[in-house]
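Let me see the structure of the following:
(2 chains)
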Amino acid sequence: MAYWGVAMDYLGNTLATTPTRAEAQAAWEALEKARSVGAKTPRERDWIEALSAYFRDHDKVAVGARLAAYNAAMERMAQSYPDDYEVQAYYALTLQASAPKSDLTYANQIKSATLLEKLFEQNPQHPGVTHYLIHAYDFAPLADRGIAAARRYAGIAPAVPHARHMPSHIYSMVGLWEESIASNTTALEIQPDYYHASDFTVYAHLQLAQDAKAAAMIQKSLATADRGDRPINFVNFTAKAAMPARYVLERADWSGAAALPMTPTQYPMADSLIRFTRGLGMARTGNLAGAKEEVEAMKVLRTALQRADQTYWAERTDEQMLAISAWVALKEGAQDQALKFMRTAADNEDGSLKHVAMENRLYPLRELLGELLLEVGQPAAALNEFETALKQTPNRFRAYWGAARAADGAGNRQKASEYFGKLVDLTKNADTERQEIREAKAYSRRDDTIGGARK
Amino acid sequence: MIRAIALAAMLGALIASVAVYTIGPDRWRDMPASPFGGPDGGAKAEIRPEDWPICTTMALVASDADWAQLDPDFKAGKRALGVEDWNGAIAALELAALRDPLNADIQNYIGYAYRRLRQLGPAIGHYQRALMLNPRHRSAHEHLGEAYLVLGEPAKAEQLLTALENLCLIPCEEYDDLKRAISAYKRLATR
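The predicted structure follows:
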């Protein structure tokens, strides 16, 4: 079984990566050795054969088919050994790994979660079971179901920074900002150079208008040197770029955005976040020449991404360029073109899957479309966009603010009151009195007065 | 400069190949699908590899950024494309596609390698697969459009140009290249 363990190690995280050909070959050779040594029990033999279903013909069969074969083998094991807890847990994981990416009913994930919930009842301290449950629910339509698992996971594996951080994937997706901050704060306690967790914290603080805390976190995180004992990849750089960018964008500090320092890195997808922020800031403060220069610089980044076969990121840069260009077009009086650009950017972003390196989009472009519609005097259409955005990224400060203004502009006093109220409630622990909060409170007070007069 | 030279070469080659290579719609479906040098027949034998129209956006295909951390077979495939080892590229990229079957870039590169081998049928199949995987893939749009020109089907090329126009609200070189190729084709056709 030690050879099985070697092969299992080569398998890695089936939800995120695929072993290279060399790794797959090494795994297959380990499994051949396991067979030649001989399994001591039928159960050991079945474990070896189940994993072999994945690595067999790895250089001839597509990974999807191999995952399906592995899952089928694990399903047979689950039926043969219904009382074997680890067999059931592994089967739950292979159900997720073999789920067709195009299946938006999430049938495999739901089946997996049902099994895992039962396993959790039997052993609440099993780290794998709760971890896999969070993965099963790590999709926007299922995220609500994952809150309970998220809440207990960090306590099960407290020595692991990722275990402390991971629940915030669910919290952030459903807009539980306090929980996200708590989760990431504890992760940062044991891994201060966890920039991805710092970025989550900054994002959450900004939703609560805790601007001072966000600023402090950015300063602390960017001043923390990489510990150097882990591979450095672009995820560190997108997080480091996103933090200061979020700080100006989420506060609608367009002058600050325009002046955001640009220090190029080797990662174009990270640089693109800063360029986007600068360009949008320039466009919104009337520096159209500067905004166009940022778009030109982003074209270079896009080309670099495409030539490196990072199409996913090239397309994100496309959307960012379109968004800047939309606001430039608006300032130049080309309203129809502005709306076309902005709507295309929002639709394309919404049509793409989130990436682990930017789990929280820098700024939901659907909200930016709502803002543009407000600018051109279409509040009803703007309200529709903000409400769509809130379904996708719930409980966000700027979406509430936009929806409230749009509803007010459209004459929908009830909704305006509701959204201003939500903004006030969201920011009850703010450390900064943003102008938007003052206006929301004033609106709510006025609304109360009017409501009281009616009684 | 490189781009201009490549474009001039491409247009010249396009004119040459259209002159010697006109077949009816869907004939490409009957072309040999073997990636490793199946017998060419008919008019294809009259075309030299250097006459085959090649898009300009592949000029820097050998670009291999260290930070991108591509699969080793994907990297090997790109290196093979860079040294014009088309069969080697197909073999490596097909292996990469087994592990990354949803990657449109890989399919686009395989299509390109087949095209350089003058096997337009498989080339088009892989371009179409790339577009199924990523309907916004610019390079596959351009490549497929150019392939249709070679087949004497400018209307299909025009459809791909329209699609590129919608994709490239901010101007892109893939649109410009296909537009130039279609213009060159039309000039030739009206002579």
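
Check which helix or strand B:Ala184 maps to.
helix B:173-189 (DSSP states H and E).

hmm, that helix touching chain A?
No: Helix B:173-189 lies out of reach of chain A by C-beta under 8 Å from any C-beta of the partner chain, never closer than 8.6 Å. In short, each C-beta sits where N, CA and C put it, glycine included.

cool, and stretch B:70-77?
Yes: using C-beta under 8 Å from any C-beta, stretch B:70-77 reaches chain A at B:Leu70, B:Asp71, B:Pro72, B:Asp73, B:Phe74.

you'd agree the first one is up against A:Gln310?
No: between B:Leu70 and A:Gln310 there is no contact, the gap being 9.3 Å when judged by C-beta atoms under 8 Å.

Between these two, which has more neighbouring residues?
The residue with more neighbours, out of B:Leu70 and A:Gln310, is A:Gln310; 24 against 21, by other C-beta atoms under 10 Å in any protein chain shown.

Could you check the pLDDT of the closest residue to the more buried one other than its chain neighbours?
Distances taken as C-beta to C-beta, 6 or more residues apart in numbering or on different chains put B:Ala68 closest to A:Gln310, at 6.0 Å, once the chain neighbours are dropped. Per-residue pLDDT puts B:Ala68 at 76.

same deal with A:Val235?
Among the per-residue scores, A:Val235 holds a pLDDT of 85.

helices or strands up against the helix holding B:Ala184?
Packing partners of helix B:173-189 (3 or more C-beta pairs under 8 Å, 6 or more residues apart in numbering or on different chains; DSSP states H and E): helix B:2-20, helix B:138-150, helix B:154-167.

For A:Asp336, the count of nearby residues, please.
Residues near A:Asp336, counting by other C-beta under 10 Å: 9.

nope, A:Gly279 is what I meant
Per other C-beta under 10 Å, the neighbour tally for A:Gly279 reads 29.

Low-confidence ranges, the stretch 201-350 of chain A, go.
A:230-231 (pLDDT under 70).

mind listing the strands for it?
Using DSSP state E, counting those that start in this stretch, no strands are found in the stretch 201-350 of chain A.

Alpha carbons of the strand or helix carrying A:Ala68, as CSV, please.
If you go by DSSP H and E, A:Ala68 is part of helix A:63-80. Presented in CSV, the C-alpha positions along helix A:63-80 are these (Å, rounded to 0.1, in the frame of the first residue of the first chain):
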residue,chain,number,x,y,z
VAL,A,63,-8.3,13.1,-18.4
GLY,A,64,-12.1,13.4,-18.2
ALA,A,65,-12.5,9.8,-19.2
ARG,A,66,-9.9,8.7,-16.7
LEU,A,67,-11.6,10.6,-13.9
ALA,A,68,-14.9,9.0,-14.9
ALA,A,69,-13.2,5.6,-14.8
TYR,A,70,-11.7,6.3,-11.4
ASN,A,71,-15.1,7.5,-10.1
ALA,A,72,-16.8,4.4,-11.4
ALA,A,73,-14.2,2.2,-9.6
MET,A,74,-14.7,4.2,-6.4
GLU,A,75,-18.4,3.8,-6.7
ARG,A,76,-18.0,0.1,-6.9
MET,A,77,-15.8,0.2,-3.8
ALA,A,78,-18.4,2.3,-2.0
GLN,A,79,-21.0,-0.4,-2.8
SER,A,80,-18.6,-3.2,-1.8
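
which of the residues of stretch B:70-77 next to chain A are buried?
With neighbours counted by 16 or more other C-beta atoms under 10 Å in any protein chain shown, those contain buried members at B:Leu70, B:Asp71, B:Asp73, B:Phe74.

What sits closest to the last one if chain neighbours are left out?
In other words, B:Phe74. Closest residue to B:Phe74 apart from its sequence neighbours, by C-beta to C-beta, 6+ apart: B:Ala96 at 4.0 Å.

A:Leu45 reaches A:Leu31, doesn't it?
One correction, residue A:45 is Arg, not Leu. No: here A:Arg45 does not reach A:Leu31: they are 11.4 Å apart, not a contact under C-beta under 8 Å.

more crowded one of the two?
A:Leu31 (23 against 14).

Let me see the mean pLDDT of the helix or strand where the more buried one lies.
In the assignment (DSSP H and E), A:Leu31 maps to helix A:21-37. Helix A:21-37 comes out with an average pLDDT of 96.

What are the buried residues along that helix?
Buried positions in helix A:21-37, judged by neighbour count with 16+ other C-beta under 10 Å: A:Arg21, A:Glu23, A:Ala24, A:Ala26, A:Ala27, A:Trp28, A:Ala30, A:Leu31, A:Ala34.
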